[in-house]
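K.L.:
Got a sequence here, can you model it:
(2 chains)
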Amino acid sequence: MNVMQASQSMPTDAETHISISGVSKTFSTRNGKVQALQDIDLTVRKGEFVSVLGPSGCGKSTLMMLLSGLEDVTAGRITVGKKDIFGPNPDSGIVFQQDVLLEWRSALQNILMQAEIRKADMGEATLRARELLKMVSLQDFENAYPKELSGGMRQRVSICRALLHRPPLLLMDEPFGALDAMTRDQLQIDLLRLCAETDMTVFFITHSIAEAIFLSDRVVVMSPRPGRIERIIDIDLPRPRRLAMREDKRFNEYTRELTDIFKGLGVFREEY
Amino acid sequence: MAIAVDQPTTIARPRPVRKALGWVSPSAWSLLIILVLWELSVRIGNVPAYMLPAPSVIGQEFIDYGHRLLPNAGVTLFEVLLGFTLSVLISIPLAVLIVYSKVIERTIYPLIVSSQTVPMVAVAPLLLTWFGYGMAPKIVIVILQTFFPIVVNTVMGLNSASREMIYLAKSMGASNWQVFWKFRLPQALPSIFAGLKLATAMSVIGAIVAEFVGANAGLGYVILVAGASFNITRQFAAIILIVVIGIAFFAALEQIERIAMPWRRIAR
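P.N.:
Here you go, the predicted model:
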């Protein structure tokens, strides 16, 4: 299979949202320096849904942390919406694998924390929070404490919280990784619905091939140790995406292509 | 769209016997049984009151001598409450400093831990020499006796906020001050209350120990004086009052805990 990385059309300046150039990240550990990311170059268009796919240890979560500004780059440059990222970037919403809901706040109050910290208009924020809860079918649970919600419901609240301030960029680090398969399917649909009505850019970290194909406009394949971009694949499936598309011929071709890449990287070894 | 909602669990109807006994707690029942057995064995075995007074005799002591016992209980209660309050006011800020400052953590924390190896009874005479026979040394001993569980548990609680939680706060643009008040401190509340509840029992012990070493009022003082004249009934009466203070204090704190953390009452 040919290397497609160079053939990716570079978006023009006007529609560029994220620009990552020559980025490396090194961590100092007890056993010396560990290079998590090496020479990452990536451009993301405004409104694009980009998934970063790779095995654990490939530095994909680190890449998201760099984008959020919660970690600093060792070398290279990241700009989001023309601004250099230096320190926490409050123009983004962030969702982790753990829902990180605050146990002492109800679902609604958890979402409103976003507005409280930003000192936003609380009346307006409350309306927006209710609207978001409705979009993920949790309108009857606004007063429930996290303890009273199932894992999937909790993660939906956490997504609502990330979207309250209408961020131009949504960062998600394996947000559905801890959920069972069926809940996961539903949350993928919920996420796409939320995305469909804004022009926000989504940067989605996952280690599920099917999830990456199903959700994304582009899939960035990373190889481990040190983390490098191996390949970038355009997903040319129509939107709105439907669960049945996962059985489509084209979907399976993408699955095959990605599986082959990981086989080539030694991530999958089939002989036994 | 279908959402998984937990079925409301049906509660089993209490059986008649349970219903009849249900209005008092099981612990009250066991206490009652112990008291009855105690009364019976003293009466049947003809045990003299100077060895082991029957509960009824102790009850009589409360009626006859209550006007002297209660003011002394008041003194002990005051020492406990004031010492405990001061201890909280010192311990929680100290824990915050330990969490936020590496220097303080390295210099003060080991001292705090090693201070706990010294028995309070050994230090009490020293404190009496320094602070006199009044209220002051009692308060100091209650503080010394209680600050350790509060500091240790508060430190643990403040450190229990996950990395993701701090990241989340930072991504919202939270200041360090907001991270502390809106994330770390509420997250630490269950641990802080665990420390406070441990400290309630320690505070009563501290006050009695202090009174034993030198005092002219308080339940510890009552026990000391009654012991000198072999008045074992009065000693029992004083011990019961100490227990009552301890339990009431603990129960009051548990009530405050329930009010402070309503989300904890919800059973999942």
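K.L.:
who's in contact with the residue nearest to the spatial centre of chain A?
P.N.:
For chain A, residue A:204 is the residue whose C-alpha lies nearest the centre (Cα atoms, centre = their mean; 1.8 Å). The contact partners of residue A:204, by Cβ atoms under 8 Å, 6 or more residues apart in numbering or on different chains, come to A:49-52, A:172, A:175, A:212, A:215-216. Backbone N, C-alpha and C define where each C-beta goes, glycine included.
K.L.:
In PDB, could you pull the C-alpha coordinates for stretch A:198-211?
P.N.:
What follows is stretch A:198-211, C-alpha atoms only, in PDB (Å, rounded to 0.1, in the frame of the first residue of the first chain):
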ATOM      1  CA  THR A 198     -22.400  23.300  15.200                       C
ATOM      2  CA  ASP A 199     -19.300  23.900  13.100                       C
ATOM      3  CA  MET A 200     -17.000  22.900  15.900                       C
ATOM      4  CA  THR A 201     -13.900  20.900  15.200                       C
ATOM      5  CA  VAL A 202     -13.600  17.600  17.000                       C
ATOM      6  CA  PHE A 203     -10.200  16.000  17.900                       C
ATOM      7  CA  PHE A 204     -11.000  12.500  19.000                       C
ATOM      8  CA  ILE A 205      -8.600  10.000  20.500                       C
ATOM      9  CA  THR A 206      -9.500   6.300  20.200                       C
ATOM     10  CA  HIS A 207      -8.000   2.900  20.000                       C
ATOM     11  CA  SER A 208     -11.100   1.400  18.200                       C
ATOM     12  CA  ILE A 209     -10.700   1.100  14.500                       C
ATOM     13  CA  ALA A 210     -14.500   0.900  13.900                       C
ATOM     14  CA  GLU A 211     -15.200   3.900  16.100                       C
END
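K.L.:
related to what we said a few turns ago, now do the SS call for the residue nearest to the centre of chain A.
P.N.:
strand (DSSP: H, G, I helix; E, B strand; the rest coil).
K.L.:
Just the pLDDT for it.
P.N.:
Looking at residue A:204, its pLDDT reads 96.
K.L.:
what does the one 5 residues further on give?
P.N.:
The confidence metric pLDDT takes the value 94 at residue A:209.
K.L.:
quick one, phi/psi of it?
P.N.:
Torsion angles at residue A:209 (phi, psi; degrees, to the nearest 10) stand at phi -60, psi -50.
K.L.:
so it sits right up against residue A:257, yeah?
P.N.:
No: contact criterion Cβ atoms under 8 Å: residue A:209 and residue A:257 do not qualify, at 9.6 Å.
K.L.:
and these two? which has more neighbours close in?
P.N.:
Between residue A:209 and residue A:257, residue A:209 has the larger neighbour count (other Cβ atoms under 10 Å in any protein chain shown), namely 20 against 17.
K.L.:
Give me the distance between the more buried one and chain B.
P.N.:
From residue A:209 over to chain B the distance is 25 Å, taken as Cβ to the nearest Cβ, to the nearest Å.
K.L.:
ok, for that residue, nearest residue in space, not its chain neighbours?
P.N.:
Closest residue to residue A:209 apart from its sequence neighbours, by Cβ to Cβ, 6 or more residues apart in numbering or on different chains: residue A:258 at 4.9 Å.
K.L.:
Is the one you found in contact with residue A:210, as I believe?
P.N.:
No: under the criterion of Cβ under 8 Å, residue A:258 makes no contact with residue A:210, lying 9.3 Å away.
K.L.:
Settle it for me: which of these two has more neighbours?
P.N.:
Applying other Cβ under 10 Å to residue A:258 and residue A:210 shows that residue A:258 carries more neighbours, namely 19 against 16.
K.L.:
burial of residue A:167, as a residue count?
P.N.:
Number of residues near residue A:167 (other Cβ under 10 Å) recorded here: 20.
K.L.:
Enumerate every residue touching the closest residue in space to it that isn't next to it in sequence.
P.N.:
Nearest residue to residue A:167 in three dimensions, chain neighbours excluded: residue A:93, at 4.0 Å (Cβ to Cβ, 6+ apart). By Cβ under 8 Å, 6+ apart, the residues touching residue A:93 are A:114, A:161-165, A:167, A:169-171, B:171.
K.L.:
what does residue B:174 give?
P.N.:
A:117, B:182-183.
K.L.:
likewise residue A:57?
P.N.:
Residue A:57 neighbours (Cβ under 8 Å, 6+ apart): A:224-225.
K.L.:
Helix, strand or coil: sort out it for me.
P.N.:
Following three-state DSSP, the label given to residue A:57 is coil.
K.L.:
mind listing the strands for the stretch 101-250 of chain A?
P.N.:
Ranges of strands in the stretch 101-250 of chain A, per DSSP state E, counting those that start in this stretch, are A:169-173, A:201-206, A:218-223, A:228-234.
K.L.:
who's in contact with the shortest one?
P.N.:
Same thing as strand A:169-173. Against strand A:169-173 from outside (Cβ under 8 Å, 6+ apart): A:17-18, A:61, A:64, A:67-68, A:80-81, A:89, A:91-97, A:162-163, A:195, A:200-205.
K.L.:
got it, and the last one?
P.N.:
Counting by Cβ under 8 Å, 6+ apart, strand A:228-234 makes contact with A:3-5, A:8, A:37-42, A:217-223, A:254, A:257-258, A:261, A:265, all of which sit outside it.
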